[in-house]
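> Starting from these lines, generate the structure:
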Amino acid sequence: MTTASQQTQNPQMNFLRLQMTLRLLSFFIVFVCAASPVQAGLTPMENSEMEDVCGSAGVTIAIKNVQLFQYIDSFRYYANNNGILALQNIKLLNAETGGPALFNYDFGTTVTGSGLIHMDVGEPLVASVDDWNPSTATTQIYRGMTSTFAPKWDQKVAYSIGNIIFFDPNYTPNPPNPAVPIDLGSMFIGNIDIPRFTTYTSPRIGGIGYDWETTFQMTIDKIGYSYNNSCQAIQLCPTYIGKSFADATDDPRYPSSWMPNRATPVDFGDFQIGDLFGDFTNPNPLKRASNPAGIDVGETYCDLPVGWPAGYSRGMVALQLPMQGSIRFESATFAGTNFGPGAIDGINVHRLNLQLIP
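Next up, the predicted model:
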């Protein structure tokens, strides 16, 4: 068991400051985008014109026709014992052309209306948090939260990692030689398609850190890992992540029957991580309570190796990741041999708590 010690700063206040900064930035972007040469001047409005103007909560920004190419020479993590995990030659690109990644780069020819992101702050009525007692699970609470919603999103994005380097200074090869960094191979992920996404965030109730919920649908053309000197590879092509693929005509053994592969593709829903809302109208107590994802950063006192000083604390990132949905891939190829499709349907993770300690 580990316990988090009291933090010196309030993560909720830091989170609220971050939200305020993002919203001010959003307003600045909208103002700059609106100030085109054609609209160089501001015209006063008459009272009658003002009466015809109405507004709604939140702010909307548009991200259109964006190209982005990014190269990172090395991203390194140094452990306390001088061990190293390094990712080298990292690229953000478009897998089809090898050029820049594209975001909503359609000029109105493919995904019409893509690129709008709606952001808002509210206090909706939700089910009580993590309450599985049938006699009290109908409790309803108001919860402050932010929302970010992109109903139509179009992108062609891939990531490649040229070298994955691992170095353990305490490792002694056989025959004995000084420890040296080891190249574990390379990875490639892309293109990644996300047609829509939604994210809600909220300060944690009665605690520190913050809670969140996100839903998305994703298709990844290829996930590949190449290893050893002969560059043998493991590849999953393509991979679908969503809510459910099962219906009357679906057969997990045959990818041609899957919803996204039919002559007329069928939407297979959204994968969900966390649940900020719950369902207080559901008679089943196991489906009423909200069960949000969460993140927190602090210090912990835990079991330490022999020789470490008593009372020594370690920094820790605590993650809470309940999730539900389905994952399928059409083919799994290992060293040139195709092992066929794979299906992981009906994922429902009620509890997944991770504690990441350097």
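> Next, give phi and psi for residue 260.
Main-chain torsions, residue 260, degrees, to the nearest 10: phi -70, psi -10.
> residue ranges for the helices of the protein, please.
Along the chain, the stretches classed as helices by DSSP state H are 11-34, 47-51.
> residues touching residue 100, list them.
Contacts for residue 100 (Cβ atoms under 8 Å, 6 or more residues apart in numbering) come out as 67-69, 93-94. Yep, even glycine has a C-beta here, placed from its N, CA and C like the rest.
> what's the farthest-apart pair in those?
Using Cβ to Cβ, these span at most 10.4 Å, a distance reached by 67 and 93.
> Neighbour count for those two, which is higher?
When neighbours are counted by other Cβ atoms under 10 Å, residue 93 comes out ahead of the other of residue 67 and residue 93, with 22 against 11.
> What does the pLDDT read for that one?
Per-residue confidence at residue 93 stands at 95 (pLDDT).
> Residue 156 is in contact with that one, correct?
No: counting by Cβ atoms under 8 Å, residue 93 does not reach residue 156; the two are 9.2 Å apart.
> would you put the C-alpha positions of stretch 249-260 in CSV?
In CSV, the C-alpha atoms belonging to stretch 249-260 read as follows (Å, rounded to 0.1, in the frame of the first residue of the first chain):
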residue,chain,number,x,y,z
THR,A,249,-24.0,-9.6,-39.9
ASP,A,250,-20.7,-9.3,-38.0
ASP,A,251,-18.3,-12.3,-37.8
PRO,A,252,-15.0,-11.5,-35.9
ARG,A,253,-13.2,-14.2,-38.0
TYR,A,254,-13.8,-12.3,-41.3
PRO,A,255,-12.7,-8.6,-41.4
SER,A,256,-14.9,-8.1,-44.6
SER,A,257,-18.0,-8.4,-42.3
TRP,A,258,-16.8,-5.8,-39.9
MET,A,259,-18.7,-2.5,-39.8
PRO,A,260,-16.0,-0.2,-41.2
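> on that earlier part again, mind giving me CSV with the contacts of residue 100 and columns for distance to residue 163?
Formatted as CSV, the contacts of residue 100 follow (distance: Cβ to Cβ, whole Å):
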residue, distance to residue 163
67, 26
68, 22
69, 19
93, 17
94, 22
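> Which of those fall within strands?
67-68, 93 (DSSP state E).
> residue contacts, residue 278?
Residue 278 sits next to 126-129, 288-291 when contact means Cβ under 8 Å, 6+ apart.
> One more pass at 7 Å, please.
126-127, 288-290 (Cβ atoms under 7 Å, 6 or more residues apart in numbering).
> Output the residues you listed in JSON lines; the columns should cover pLDDT.
Formatted as JSON lines, the contacts of residue 278 follow (pLDDT from 0 to 100):
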{"residue": "126", "pLDDT": "90"}
{"residue": "127", "pLDDT": "87"}
{"residue": "288", "pLDDT": "78"}
{"residue": "289", "pLDDT": "84"}
{"residue": "290", "pLDDT": "90"}
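> and of those, the nearest to residue 239?
residue 290 (29.1 Å).
> Not counting sequence-adjacent ones, nearest residue to that closest one?
residue 278 (3.4 Å; Cβ to Cβ, 6 or more residues apart in numbering).
> Can you pull up the most central residue in this protein?
residue 214 (7.5 Å; Cα atoms, centre = their mean).
> since we're on the residue nearest to it when sequence neighbours are not counted, how many residues are nearby?
Counting by Cβ to Cβ, 6+ apart, residue 214 lies nearest to residue 199, which is 4.5 Å off, once chain neighbours are set aside. Applying other Cβ under 10 Å, we find 17 residues neighbouring residue 199.
> Against residue 90, how distant is residue 199?
24 Å (Cβ to Cβ, to the nearest Å).
> related to what we said a few turns ago, and the residue nearest to residue 290, how far is that from residue 140?
Distance from residue 278 to residue 140, by Cβ to Cβ: 9 Å.
> Overlap of the contact sets of these two?
When contacts are counted by Cβ under 7 Å, 6+ apart, residue 278 and residue 140 have residue 127 as shared neighbours.
> what is in contact with residue 93 and residue 156 at once?
residue 101.
> circling back: go through the ones in strands among the contacts of residue 100 and name the one nearest residue 238.
Among the ones in strands among the contacts of residue 100, and counting by Cβ to Cβ, the member closest to residue 238 is residue 93, at 17.6 Å.
> wouldn't that closest one be in contact with residue 158 here?
Yes: under the criterion of Cβ atoms under 7 Å, residue 93 makes contact with residue 158 at 5.5 Å.
> Determine which two of the contacts of residue 278 are furthest apart.
Most distant of those, by Cβ to Cβ, are 126 and 288, 10.7 Å apart.
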